[in-house]
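Undergrad: When you get a sec, could you give me coordinates for this:
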Amino acid sequence: MSEFRNESGLTFTDISSEEYREYRFSGGDRVLINSPLWLHVSSAGGHRIFDSSGVSYYVPFTWIHLYWKAKDGQPHFVK
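TA: From the prediction side, this is the model:
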């Protein structure tokens, strides 16, 4: 697992209980994020996500559908 270093001043929520999350967009595009660890939702609705590989993502608020799978024994909803 990569070290999470946040110097943005933003507050992130631990979503490490998720195995993956997938965002779907109106044109049929999809964004799949495996092993997400940290999430910040902006006031405009954009999602900043950090995954276990050390990759950072920004997903704009224009998505139409989001789903995820919790890891075995982990909570289905954390935020």
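Undergrad: lowest average confidence, helix or strand, in the chain?
TA: Across the helices and strands of the chain, mean confidence by mean pLDDT, DSSP states H and E is lowest for strand 63-70: a mean of 85.
Undergrad: Tell me the strands beside that one, with direction?
TA: strand 18-25 (antiparallel) (DSSP bridges).
Undergrad: Please name the strands paired to the helix or strand just after the partner strand in the sheet, noting orientation.
TA: Proceeding C-terminally, strand 18-25 gives way to strand 30-34 as the next helix or strand, assigned by DSSP states H and E. Using DSSP bridges, strand 30-34 pairs in its sheet with strand 18-25 (antiparallel).
Undergrad: how about the strand it pairs with: buried residues?
TA: 18, 21, 23 (16 or more other Cβ atoms under 10 Å). From N, CA and C alone the C-beta is placed, and that goes for glycine too.
Undergrad: Report the beta-bridge partners for the last one.
TA: With DSSP bridges applied, residue 23 shows beta-bridge pairing to residue 31, residue 66.
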